[in-house]
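In: Can you look at this prediction? I've put the sequence above it.
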Amino acid sequence: MKVHLIAIGGSAMHNMAIALYEKGITVTGSDDEIFEPSKSRLLQRGLLPQQEGWYPEKIHTDLDAVIVGMHARKDNPELLRAQELGLKIFSYPEYIYEQTKNKTRIVIGGSHGKTSTTAMILHVMKNCGVECDFLVGAQLDGFDCMVKFTETAPFAVIEGDEYLSSPTDLRPKFHLYHPNIALLTGIAWDHINVFPTFENYVDQFKIFLDKIMPGGVLVYCEKDEVVKEISMAHQGHFKKIAYDVHPHEVVDGITYLLTPHGKVALKIFGDHNLQNLNGALKVCLEAGISADDFYRAIASFKGAARRLEPVKETPRAVVYKDFAHSPSKLKATTSAFKQQFPGRKLVACMELHTFSSLNEKFLGEYKGSMAAADLAFVYFNPHTIEHKKLPPISKDQVKKAFGSENVTVYTDSSELMGVLKKMAWDNSNLLLMTSGNFDGVDFVQLADELLTEA
């Protein structure tokens, strides 16, 4: 087998390249820019292109497949050459299906919680000795790569992203996986640049349910009203299993699951995580893993990278970072933190960074999303708005959109960091939420400066 990846340097694409290489497939690729950590990881395996750029001469009839990443454009010279030669061309999700079509596919979909839930299932399967292929959207503790393909694994665990598949395939990725076991976590409008209305966005999840294989299983979160509505209304020939937040209690800052066989101490916390955990439990039971084995394994789960991830902890204060940026994620993460540390002051900072979050038509969705924090700071960079070619927004607009008196808005990252550094952090927690980095902030360095005396 010989496979060529157009836009090999992407986060997902370079992981696929490594997975194919480790399966024994001959892999080549191209990209016009490759950054770390992709660059080093490709170089280590001899997969880094010798030169950046697009080279149609790399495309030839000996290739068994050409895989196109989202970074490529429709007029990419290599893509045009592949089309001219009549080669088999796949989007990233199409090739995931191609590699897993003979396995039991477990696909996790939803606007939020996908990565964490997928990570939980993978953690349990690994600890229980269940071999599986996988695709997950974050680096996980104990896993070298975010993608894995084998000939022997009976299962494939796939994080089902609803974003578009490729420049030439505008279907959402999770429409292409055809799950045997599907899990739907929650639906909250996102990707306004692709799905201009909430109704259009919800339609994508209805199609996802259409793709479940006959005789399959749908595990769905009944706490989410939209998920519950579309799941119960769907007439597909598959079993439906509802879930909610797993029974638990919090004692001295530690969350314990309440199970038929006693309490299980966790390394994670928050209703959102415990909801994801219960969904993961239902999936693992369907995959043949016992409840006892699940609870034994999940006790050591620390979370996925950048999903409620601790940066620094002291006896009297903590700094955490989280990938949260959409309204539903902000609300869930902020509330979880306040619930876990009810006696401490919570300072929550978030960065408006994505296309949706910086769109004036979408801002109203953030109403009340940070109300649980004692102090809430919202940051955005006007230059990012210009770069995304969006209409400008003002501090007043943003504050009004969030709709709670605890919110202060900044457009200068250094000014915001200066405010944090002047604060006393004894018996206080800091939560940093962004899909970026507040324009170059080193979170570890910041935490070290803030918690020197806390």
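Out: On my side now, so go ahead. Numbering: from 1, shown residues only.

In: Pull out the buried residues from stretch 209-221.
Out: 209, 211, 212, 213, 216, 217, 218, 219, 220, 221 (16 or more other C-beta atoms under 10 Å). Placement of C-beta: from N, CA and C, glycine included.

In: first to last residue in stretch 86-101, what's the distance?
Out: One end of stretch 86-101 to the other measures 23 Å (C-alpha to C-alpha, to the nearest Å).

In: chain center to that stretch: distance?
Out: Stretch 86-101 sits 22 Å away from the centroid of its parent chain (C-alpha atoms, centre = their mean, to the nearest Å).

In: That one: which residues count as buried?
Out: Those buried within stretch 86-101 under the rule 16+ other C-beta under 10 Å are 87, 89, 90, 91, 92, 93, 94, 95, 96, 97, 99, 100.

In: One more: stretch 418-428?
Out: Buried residues in stretch 418-428, counted by 16+ other C-beta under 10 Å: 420, 425, 428.

In: likewise stretch 336-345?
Out: In stretch 336-345, counting by 16+ other C-beta under 10 Å, buried: 336, 337, 338, 340, 341, 344, 345.

In: I'd like the distance between the fourth one and residue 204.
Out: So that's residue 340. Using C-beta to C-beta, to the nearest Å, we find residue 340 at a distance of 33 Å from residue 204.

In: Kindly report the same for residue 194.
Out: Taking C-beta to C-beta as the measure, residue 194 falls 9 Å from residue 204.

In: And for residue 109?
Out: According to C-beta to C-beta, residue 109 and residue 204 sit 9 Å apart.

In: Mutual contacts of those two, please.
Out: Taking C-beta atoms under 8 Å, 6 or more residues apart in numbering as the contact rule, residue 109 and residue 204 both touch residue 162.

In: Those two: who's more crowded?
Out: Neighbour count, other C-beta atoms under 10 Å: between residue 109 and residue 204, residue 109 has more, with 31 against 19.

In: In this structure that one contacts residue 182, no?
Out: Yes. Applying C-beta atoms under 8 Å, one finds residue 109 in contact with residue 182, separated by 6.6 Å.

In: Overlap in contacts, these two.
Out: Counting by C-beta under 8 Å, 6+ apart, the contacts common to residue 109 and residue 182 are 160, 208.

In: tally of neighbours for residue 381?
Out: Here the number of neighbours of residue 381 (other C-beta under 10 Å) works out to 19.

In: Grab the nearest non-local neighbour of it.
Out: Excluding its sequence neighbours, the residue lying closest to residue 381 (C-beta to C-beta, 6 or more residues apart in numbering) is residue 439, at 5.8 Å.

In: Over to residue 53?
Out: In space, and not counting its chain neighbours, residue 53 is closest to residue 32: 5.6 Å by C-beta to C-beta, 6+ apart.

In: Report the contact partners of the one you found.
Out: Residue 32 sits next to 52, 53, 54 when contact means C-beta under 8 Å, 6+ apart.

In: tell me the phi and psi of the spatially most central residue of the chain?
Out: When C-alpha atoms, centre = their mean is applied to the chain, the residue found nearest the centroid is residue 115 (4.3 Å). The phi and psi values for residue 115, taken as degrees, to the nearest 10, are phi -60, psi -50.

In: Thought residue 308 was touching it, still the case?
Out: No. Using C-beta under 8 Å, residue 115 is not in contact with residue 308, being 11.2 Å away.

In: Outline the domain layout of the protein.
Out: The record's domain parsing of the chain by automatic domain parsing lists 2-87, 95-298, 309-450.

In: pull the longest helix from this structure.
Out: Counting residues, the longest helix found in the chain (DSSP state H) is helix 271-286.

In: Figure out how far that one is from the centre of its chain.
Out: Centroid separation between helix 271-286 and its chain, computed with C-alpha atoms, centre = their mean, is 16 Å.

In: Check what contacts it and list those residues.
Out: By C-beta under 8 Å, 6+ apart, helix 271-286 touches 106, 108, 112-113, 116-117, 120-121, 124-125, 181, 183, 185, 217, 219, 221, 223, 241, 243-246, 248, 255, 257, 266, 268, 291, 294, 298, 303, 308, 332-333, 335-336, 339.

In: just stretch 252-265 next, same as before
Out: 246-250, 266, 268-270, 274, 277, 291-292, 295, 298-299, 340-341.

In: Pull out the buried members of those residues.
Out: Buried among those by 16+ other C-beta under 10 Å: 246, 248, 266, 268, 269, 270, 274, 277, 295, 298, 340, 341.

In: just these now: which is nearest residue 313?
Out: Closest to residue 313 out of the buried ones among the contacts of stretch 252-265 is residue 341 (11.1 Å), distances taken as C-beta to C-beta.

In: what's the spacing between the closest one and residue 427?
Out: Distance, residue 341 to residue 427, using C-beta to C-beta: 9 Å.

In: what sits in contact with each of these two?
Out: By C-beta under 8 Å, 6+ apart, no residue touches both residue 341 and residue 427.

In: quick one, what contacts residue 304?
Out: Shown in contact with residue 304 (C-beta under 8 Å, 6+ apart): 115, 116, 119, 136, 138, 139, 140.

In: Tell me if it really is in a helix.
Out: No. Assessed with DSSP: H, G, I helix; E, B strand; the rest coil, residue 304 is coil; it does not lie in a helix.

In: pLDDT score for it?
Out: pLDDT for residue 304: 74.

In: Sitting in strands, which of the contacts of stretch 252-265 do you find?
Out: Per DSSP state E, strands hold the following members of the contacts of stretch 252-265: 248, 249, 250.

In: The residues you listed into TSV, with extra columns for pLDDT?
Out: Converted to TSV, those look like this (pLDDT from 0 to 100):
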residue	pLDDT
248	96
249	93
250	88
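
In: can you list the residues you listed in CSV and add distance to residue 174?
Out: What follows is these, written out as CSV (distance: C-beta to C-beta, whole Å):
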residue, distance to residue 174
248, 29
249, 35
250, 33
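
In: Touching, residue 431 and residue 336? I think so.
Out: No. Between residue 431 and residue 336 there is no contact under C-beta under 8 Å: 9.4 Å.

In: Just the element for the closest residue to residue 282 other than its chain neighbours, please.
Out: Nearest non-adjacent residue to residue 282, counting by C-beta to C-beta, 6+ apart: residue 219, 4.6 Å away. Of the helices and strands defined by DSSP states H and E, residue 219 is found in strand 217-221.

In: Number of residues surrounding residue 10?
Out: The number of residues packed near residue 10 is 20, by other C-beta under 10 Å.

In: Kindly report the same for residue 21.
Out: Counted with other C-beta under 10 Å, residues neighbouring residue 21 total 18.

In: Can you flag which of the contacts of helix 271-286 belong to helices?
Out: Filtering the contacts of helix 271-286 for helices - DSSP H - leaves 116-117, 120-121, 124-125, 291, 294, 298, 332-333, 335-336, 339.
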